[in-house]
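Turn this into a structure:
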Amino acid sequence: MSGSSPKGNGGSYDYYHCSDQYCAIRPRFIRKDVLEDAFMEELQKILPGEEFMQMYTESVLEEWKDRGMLFESHANVHAKKIAELEEQKKKASRMREDGEYTPEEFKERKTEIENAIVAEKISLSESRIEQFDVEGALAYAKHFINDLARQWFDCPIQLQIRFQKLVFPQGITYNRESKFLNHELGCIFRLNQEYQLKKGEIKTLVDPNGFEPLTSSVQMRRSTN
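Sure thing, here's the model as predicted:
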């Protein structure tokens, strides 16, 4: 859709227009406030619930804990290598003092070691960068997602399209009868949708009569009735 603000009756009126000339719905425009209100309602519908966000947060933290151990391991390897190179540098200096190195040989060896130290320090820095505050990032993401409609509404117009593609990567279709339909969701919203569907499946599989524990003599599920 594209937008326009035609003037008439002493005022300016904001509309969205369908750019598809073969669109069967007439008229091919809708008031800006009507469409945007409907869009904000749609955003509210896809918000993840507290239960999903808690599970998602725990899963990310667990994954990050494992990765953090890997990053820490890499950092320790680089730190150890830097310490070894510093010792080699000191050794080269002693060898120069003892006359085992000519000035040219010492300069070449020193440059070689210093270049290796710089490379290891860069790798160490990259390992440390990976260890950012994931808990803080998750808290911010949770706050952002919980207020999704307001976040979109407050976005500068230049960022709203980019924002929408994060939520609806393939765009979103609207008509007056069904409102929004046939839209693919962004990753976290899709995961939430799948989680809710699985919860629904689980509920439908529960025997309304209840369960009793298995026993050694009756290895089957028994109704409490």
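
Can you show me the helices along the chain?
With DSSP state H, the ranges of helices along the chain come out as 32-45, 50-97, 103-129, 134-146, 148-154, 157-167, 187-205.

and residue 144, how many neighbours?
Residue 144 is flanked by 11 other residues according to other CB atoms under 10 Å. C-beta here means a position set from N, CA and C on the backbone, and glycine is covered the same way.

Setting aside sequence neighbours, what's the nearest residue to it?
Residue nearest to residue 144 in three dimensions, not counting chain neighbours: residue 151, with 6.0 Å by CB to CB, 6 or more residues apart in numbering.

ok so, going back, can you add distance to residue 7 and give the helices of the chain back as a markdown table?
Shown next, in a markdown table, are the helices of the chain (distance: least, CB to CB, whole Å):
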| stretch | distance to residue 7 |
| --- | --- |
| helix 32-45 | 14 |
| helix 50-97 | 46 |
| helix 103-129 | 53 |
| helix 134-146 | 37 |
| helix 148-154 | 24 |
| helix 157-167 | 20 |
| helix 187-205 | 39 |
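
coming back round to it: the residue nearest to residue 144 contacts residue 140, correct?
No - the pair residue 151 / residue 140 is not scored as a contact, 11.6 Å apart, by CB atoms under 8 Å.

More neighbours: those two, which one.
Neighbour totals were compared for residue 151 and residue 140, and residue 151 leads with 14 against 11 (other CB under 10 Å).

For stretch 5-13, give the distance from the opening residue to the closing one.
5 Å (CA to CA, to the nearest Å).
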